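Asks: pasting the sequence and the predicted model now:
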Protein chains: 2
Amino acid sequence: MQYTMNQQKSPILLAPGPTEVDPVVLNAMSTGAESHFAQPFADTFGETLTMLRTLFQSQDPRAQPFVIGGSGSLGWDFVATNFIEPGERVLCLSTGFFSDAFAECISTYGALTNKLTVPLGAAHDLEVVERELRTAKYKALVATHVETSTGVLTPLKPLSDLIKRVSPETLFIVDGVASIGAEEFYFDEWEIDVVATGSQKALSCPPGLSILMVSALALEVALARKAPPASWYASLSRWLPIMQSYEKKEVKYFATPPTQLVHALHAVLTGIVSQPLEQRFRQHREKSDQVKKAIRELGLTQLVVHPQYEANGLTAFWLPSGLEAKEFLATMALKGFVISGGMHKTLGQKYVRFGHMGYSVVSEPTKHIDKGVQVVRESIMEFYTSRLRESTVTTQVNVDYEHSVCSDLWQIDGQKVLDLGIEVL
Amino acid sequence: MQYTMNQQKSPILLAPGPTEVDPVVLNAMSTGAESHFAQPFADTFGETLTMLRTLFQSQDPRAQPFVIGGSGSLGWDFVATNFIEPGERVLCLSTGFFSDAFAECISTYGALTNKLTVPLGAAHDLEVVERELRTAKYKALVATHVETSTGVLTPLKPLSDLIKRVSPETLFIVDGVASIGAEEFYFDEWEIDVVATGSQKALSCPPGLSILMVSALALEVALARKAPPASWYASLSRWLPIMQSYEKKEVKYFATPPTQLVHALHAVLTGIVSQPLEQRFRQHREKSDQVKKAIRELGLTQLVVHPQYEANGLTAFWLPSGLEAKEFLATMALKGFVISGGMHKTLGQKYVRFGHMGYSVVSEPTKHIDKGVQVVRESIMEFYTSRLRESTVTTQVNVDYEHSVCSDLWQIDGQKVLDLGIEVL
């Protein structure tokens, strides 16, 4: 068959998902056709599930990992339809677009969601959460570990401690889509009940897998529910025996698993568990610090307001006023790097998101991250220079939105290079 | 990274899904990481959707194809949650395991399903269906075009005619998982409202995509429903703008699409639409006839009782008595071919399923199908021979299940080679 792919040349992808994939993993993606009933596949799937226990840092044999074909957000349906019954209360801590969507998904299944919000880039105040937790009996508290749309990290340990102290019967449910594989995460130690993630972010597997880890308690809750699950494909009770069987390397059928993606995840996890997880977390912290330092040096500001809530897998930063995300992304692309625009109804064009997670951080830090940072720097500099040419040095640029960067002095590589004398944003 | 895949050598897969994949398509599976927000991906996804219109033989621009990450059976949830409201009646024509599951999925979402059943291997009597259709007001009639567990084909045109004549307001919904790409299918002409299929059967794409085609009428019904869809991930109203945008090669976001699988499907469809579909159907008919002839010549019987209901993409046949599917599959595997066992609570070990669809039929008929048939023949012959050695020629083999093959005379390649003098099954 004659066929030429649309994707001719490959820019380097530094989005907060999908992320660059190890050639070895891409090779696993082109594994030949194979029966999901055959032993070699059962072995692969079984080992994949077992390695997920290491990834999530869980030693409890009664907890269960799940891998289901679908986008990461299928995990939200899985949460909503299995652990929460219609009419039950759920406290959703929103930090942006994705947490909002998760809450909406939960409402879709008939739960009474109470969504706590914070200003863009801010994190939740534990005292407010505690007050809310005391007002009603919540079946679950849902938090987004890293909000992909803003880069806000929600520390999980303090939240878990709070739940255990104030409302111990409340399930602690975490969206780990943009955190698992990049951020410290201790499923058992932090007493998390459910975490849902996707394949295509800090795991650097291609997209198409919804991955979950469910505690023994949450399994009990799901299996004891009064209302039957309102979904077929996202039903825990249907998938549970499948996952239990495959983990014993025995075949059981519910729906055909995406065999090639399972091979890819197997390859990914084989790499991840071959190194101490702490090392992986440290690599992400270091590269994140480097990106964030460069952004500061460019006089630019992150969306995340307080440094202790900065995610280590992405950096969302406001662009200089007059520079739209679309334009900046195009400049970056010409230089061989793809990053992402903002995800916000009105402010989406005002900021961009630079992903630094997974393969690019762990295996190609110089070629991907260092070079990516350099290209961000060049692109911002070019914009400043063009502005400088177009305006007089004293031009006042209108600050047309709330989250301005109030730097009129900026440095590159520690050296003061320009003083535009303007409000840069 | 050091990594060795579990799948070292590749037997040829002749299961009724997943099926063998063109190396060109496997190559598309290892497409590098790419942003789903970038234009090259939008182009690929857009072309993929447009080519699906050709595949389904639909010229109605108001109808809409959908491609969603997940197993083929996710399409059942899509049907159940978008086109049918809780309490509405659905007439489900079951021909086996998968039609039963589809009906159960629809019940999960609160519909009142009336499931008509037939004996294993039989097809539905249109008079019975007509009688049933006249007893109540059905929102939808659901039929499985090809039942993967038995190989029974349900002719769609007569059913469509019946619906239009007797109950024209009833939606005609088709499970095309094991038929699309192998069987004649005319979405517009047969006035089908929804067809759901998967990527891994007669399309010969790797598993992981739920693919649907929805008529203008069904779209209206879904968008006008009173009860909101009870699913987030399977919600038509959330996916519709995404599919409409991508088909215009414009990016819109709901959940991250499995980019590599979309590339693979693009490659698959590029191949399919480059030839007349009629030719593809004919190739499937011819190879199917050849397999079925060989099975008959071996004195074996298909599950499908009447030849006019035989699917062209698989052949399910009863094994000789004393030969379990497990054992037969192992023999076949040693000879380099993987086929599938039966899918039936009590009779699963009594029969096997030989898949002859997609790439193997269209591109490798000699190496895959002809050789596969030869290996089936050898394996059955070896069993007969071993039985012959173990027993006297006049041994009476107990017929221990209903569907026996009543041949005591069988031929290979037109030549009478053995007369065991026993009831072979």
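Replies: Good, I have the coordinates.
Asks: quick check: the gap between the residue nearest the centre of chain A and residue B:253.
Replies: Nearest to the mean C-alpha position of chain A, counting by C-alpha atoms, centre = their mean, stands residue A:178 at 1.0 Å. Distance check for residue A:178 against residue B:253: by C-beta to C-beta, to the nearest Å, it reads 15 Å. C-beta: built from backbone N, CA, C; applies to glycine.
Asks: and the stretch 151-300 of chain A, which residues reach chain B?
Replies: Applying C-beta under 8 Å from any C-beta of the partner chain, we find that the stretch 151-300 of chain A lies next to chain B at A:198, A:200, A:204, A:206-208, A:228-235, A:253, A:255-261, A:263, A:266-267, A:270-271, A:274.
Asks: take the residues you listed and keep only those in strands.
Replies: If you go by DSSP state E, these have residue A:198 in strands.
Asks: from the residues of the stretch 151-300 of chain A next to chain B, list just the buried residues.
Replies: The neighbour-count test (16 or more other C-beta atoms under 10 Å in any protein chain shown) applied to these identifies A:198, A:200, A:204, A:206-208, A:229-235, A:255-261, A:263, A:266-267, A:270-271 as buried.
Asks: among these, name the ones in helices.
Replies: A:259, A:260, A:261, A:263, A:266, A:267, A:270, A:271 (DSSP state H).
Asks: confidence score at the fourth one?
Replies: So the one you mean is residue A:263. pLDDT recorded at residue A:263 is 98.
Asks: just checking, it touches residue A:27?
Replies: No: using C-beta atoms under 8 Å, residue A:263 makes no contact with residue A:27, being 9.2 Å away.
Asks: got the contact list for the nearest residue to residue A:123 once chain neighbours are set aside?
Replies: Closest residue to residue A:123 apart from its sequence neighbours, by C-beta to C-beta, 6 or more residues apart in numbering or on different chains: residue A:309 at 4.1 Å. By C-beta atoms under 8 Å, 6 or more residues apart in numbering or on different chains, the contact set of residue A:309 is A:122, A:123, A:152, A:153, A:154, A:155.
Asks: what about whichever residue of the stretch 301-425 of chain A sits closest to chain B, how many neighbours?
Replies: Closest approach between the stretch 301-425 of chain A and chain B, counting by C-beta to the nearest C-beta: residue A:338, at 5.1 Å. The number of residues packed around residue A:338, counting by other C-beta atoms under 10 Å in any protein chain shown, is 22.
Asks: how much space separates it from residue B:36?
Replies: 11 Å.
Asks: I figured residue A:270 hits residue A:264, correct?
Replies: No: applying C-beta under 8 Å, one finds residue A:270 not in contact with residue A:264, separated by 10.7 Å.
Asks: skipping adjacent residues, who's closest to residue A:154 in space?
Replies: Residue A:154's closest residue in space is residue A:143 (C-beta to C-beta, 6+ apart), at 5.0 Å.
Asks: wait, what's in contact with the one you found?
Replies: Here residue A:143 is in contact with A:93, A:99, A:154, A:156, A:159, A:172, A:173, A:174, A:175 (C-beta under 8 Å, 6+ apart).
Asks: is it in a bridge, and if so with what?
Replies: Per DSSP bridges, the residues bridged to residue A:143 are residue A:93, residue A:174.
Asks: ok, it to chain B distance?
Replies: Residue A:143 sits 18 Å away from chain B, going by C-beta to the nearest C-beta, to the nearest Å.
Asks: residue A:188 too?
Replies: According to C-beta to the nearest C-beta, residue A:188 stands 27 Å off from chain B.
Asks: still on that earlier bit, just the contacts of residue A:143 now: which is nearest chain B?
Replies: Nearest member of those to chain B, counting by C-beta to the nearest C-beta, is residue A:175, at 13.0 Å.
Asks: the closest one reaches residue A:73, doesn't it?
Replies: No: under the criterion of C-beta under 8 Å, residue A:175 is not in contact with residue A:73, lying 9.1 Å apart.
Asks: now for these two: what residues contact both?
Replies: residue A:102.
Asks: neighbour count: the two, which is higher?
Replies: Ranked by neighbour count (other C-beta under 10 Å), residue A:175 and residue A:73 place residue A:175 first, with 30 against 23.
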